[in-house]
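> just coords:
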């Protein structure tokens, strides 16, 4: 049976690391509006992360530094995620 991971904000269940599915209420608690949360609910965490990065990159015209600042990440992290998700 899958293990449960818990952080201060999100509870997800997984049999395989990186394949956790996220619940709608968790996304709302993380600051997503209800419409976006409903759209992302049930997706794997990696897919939610990819979509958030894509959305932020579009909002900032592809500027990695601005995207990183908006997401509270360092630019190197955005670069690594873009490489991971082949963006």
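Alright, I've got the coordinates. Because the structure is predicted, anything quoted here is derived from the model rather than measured.
> any weak-confidence spans in the chain?
Applying pLDDT under 70 to the chain flags residues 1-22, 30.
> show me where it has strands.
3-6, 11-14 (DSSP state E).
> with adjacent residues omitted, what lies nearest to residue 38?
Ranked by C-beta to C-beta, 6 or more residues apart in numbering and with sequence neighbours excluded, the top spatial neighbour of residue 38 is residue 24, at 5.6 Å. C-beta: built from backbone N, CA, C; applies to glycine.
> who's in contact with the one you found?
Residue 24 is in contact with 34, 37, 38, 40, 41, counting by C-beta atoms under 8 Å, 6 or more residues apart in numbering.
> which among those residues count as buried?
Buried members of the contacts of residue 24, counted by 16 or more other C-beta atoms under 10 Å: 37, 40, 41.
> okay, those in CSV with distance to residue 69 next?
Converted to CSV, those look like this (distance: C-beta to C-beta, whole Å):
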residue, distance to residue 69
37, 23
40, 22
41, 27
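> now, those residues that are in helices?
Secondary structure from DSSP state H places 37, 40 of the buried ones among the contacts of residue 24 in helices.
> in stretch 26-39, what counts as buried?
Buried residues in stretch 26-39, counted by 16+ other C-beta under 10 Å: 26, 27, 32, 36, 37.
> may I ask which two of the residues you listed are separated the most?
Using C-beta to C-beta, the pair of these lying farthest apart is 26 and 36, separated by 12.5 Å.
> one step back: which single one of the buried ones among the contacts of residue 24 is nearest to residue 55?
Comparing those against residue 55 with C-beta to C-beta places residue 40 closest, at 10.6 Å.
> give me the nearest residue to that closest one, chain neighbours excluded.
Distance criterion C-beta to C-beta, 6+ apart; nearest residue to residue 40, sequence neighbours excluded, is residue 48 at 5.1 Å.
> from memory the one you found sits against residue 42, does it?
No: with contact defined as C-beta atoms under 8 Å, residue 48 does not reach residue 42; the gap is 9.9 Å.
> those two: which has the busier surroundings?
Counting neighbours by other C-beta atoms under 10 Å for residue 48 and for residue 42 shows that residue 48 has the greater number, 23 against 12.
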